[in-house]
Every structure is written in C-alpha cells, then in structure tokens.
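[1] Predicted coordinates and the sequence they were generated for:
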Amino acid sequence: MERAQASTRVPTYDYSQWPVFVVKMPPNALSLAELQAHLVACEEPYRRGQSFSWVIDLRDAPPPPAAQRKALAEAMREHSERYPGLVRGVALVVRTAFERGVVTAISWLSRPPYPQAVFDNFADARAWATRKLVESKP
C-alpha cells in the first residue's frame with residue numbers, strides 16, 4: 001500500500017525509498033483515533049515480508065503523552081514479536097535533548113531487538129538507515 005497523506009494533521013508515510021520507510025509526524029498531538037490509525041499504518045511495512053529500515057521524523061511533533069508513549073512501545077514490541085527480524089534499524093530525527101529523552105523512554109519501554117539511533121538531521125538518519133540494510137545482508 002503506497003500512500004502519503006496530504007494533511008498536516010496526521011502522520012505521512014513514504015514508501016518511495018523502500019526498503020527505507022519514512023514516517024513524518026505532524027506538528028500537533030494525535031487524538032486517540034489518529035494514534036490508533038497511525039499504529040495500524042505502521043504495521044503495513046511488516047506485512048510486505050521484506051527487511052526494511054525506518055526513518056521517523058519527529059522534528060515538528062510534540063512529545064506524546066505518557067499513555068501514547070506506552071501504546072507506541074506496546075505496538076513496537078508486538079510488531080517485533082509478530083514479524084521477527086524484518087526491521088534492520090530505526091533512525092529517529094529529533095530537535096531537542098528533551099525529545100531525545102522521550103525517544104529513549106519509549107525505547108526503554110519497548111526494548112527493541114533492532115538497532116535504534118537518534119539524529120538531529122534527516123540526511124544522517126537516512127544514511128544510517130540505509131547502512132543498516134546493507135550491513136544486515138547475508
């Protein structure tokens with residue numbers, strides 16, 4: 001399912017550089033319904049059954065509240081269990097030290113079985129995600 005949503009109210013999903021999957025979070029907090037839709041959309045790349053890396057651009061997004069951080073961590077854990085070994089790395093792009101801390105908290109809660117790194121610019125994040133794909137090839 002190739003899709004990119006035009007609205008800035010919801011996340012956008014970019015498969016144009018597949019197997020690097022890019023998610024850009026919007027500059028507003030997600031409602032519960034929007035978060036649920038986002039979690040469903042984030043399962044789509046797993047369903048392809050092919051190894052991939054993520055780049056998640058959080059630079060414009062406010063930090064999610066605690067309940068949403070927990071839901072995100074649970075979804076990450078469930079996806080990793082249901083689709084083991086597909087994710088080769090997750091690169092997160094943030095602006096501030098506080099955002100880096102939020103990402104660390106979610107990572108701590110989900111305990112991902114794949115490498116994860118935090119960046120302050122998109123180009124470095126994209127390059128890292130691409131390297132993780134190459135490094136993981138047999």
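    Everything's here; your move.
[2] Kindly state the neighbouring-residue count (a burial measure) for residue 109.
    Neighbours of residue 109 under the rule other CB atoms under 10 Å: 15. Using the backbone N, CA and C atoms, a C-beta is placed for each residue, glycine as well.
[3] Just give the closest residue to it, not the sequence neighbours.
    In this structure, residue 109 finds its nearest non-sequential neighbour in residue 73, 3.6 Å apart by CB to CB, 6 or more residues apart in numbering.
[4] quick one: that neighbour and residue 106 touch, right?
    Yes: contact criterion CB atoms under 8 Å: residue 73 and residue 106 qualify, at 5.2 Å.
[5] so which helix or strand takes in residue 88?
    If you go by DSSP states H and E, residue 88 is part of strand 87-93.
[6] chain center to the helix or strand that that strand is followed by: distance?
    Following strand 87-93 in sequence order, the next helix or strand is helix 97-110 (DSSP H and E). From the chain centre to the centre of helix 97-110 is a distance of 13 Å (CA atoms, centre = their mean, to the nearest Å).
[7] list the helices and strands helix 97-110 packs on?
    Helix 97-110 is packed against helix 66-82, strand 116-119, with contacts defined by 3 or more CB pairs under 8 Å, 6 or more residues apart in numbering; DSSP states H and E.
[8] host element of residue 45?
    Element membership for residue 45, per DSSP H and E: helix 44-47.
[9] May I have the helix or strand following that helix as PDB, with CA atoms only?
    Proceeding N to C from helix 44-47, the next assigned helix or strand is strand 52-57, under DSSP H and E. Output of strand 52-57 as PDB, limited to C-alpha atoms (Å, rounded to 0.1, in the frame of the first residue of the first chain):
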ATOM      1  CA  PHE A  52      13.400  -2.700   6.000                       C
ATOM      2  CA  SER A  53      14.600   0.200   8.000                       C
ATOM      3  CA  TRP A  54      12.600   3.200   9.400                       C
ATOM      4  CA  VAL A  55      13.300   6.800   9.500                       C
ATOM      5  CA  ILE A  56      10.900   8.600  11.800                       C
ATOM      6  CA  ASP A  57      10.900  12.400  11.600                       C
END
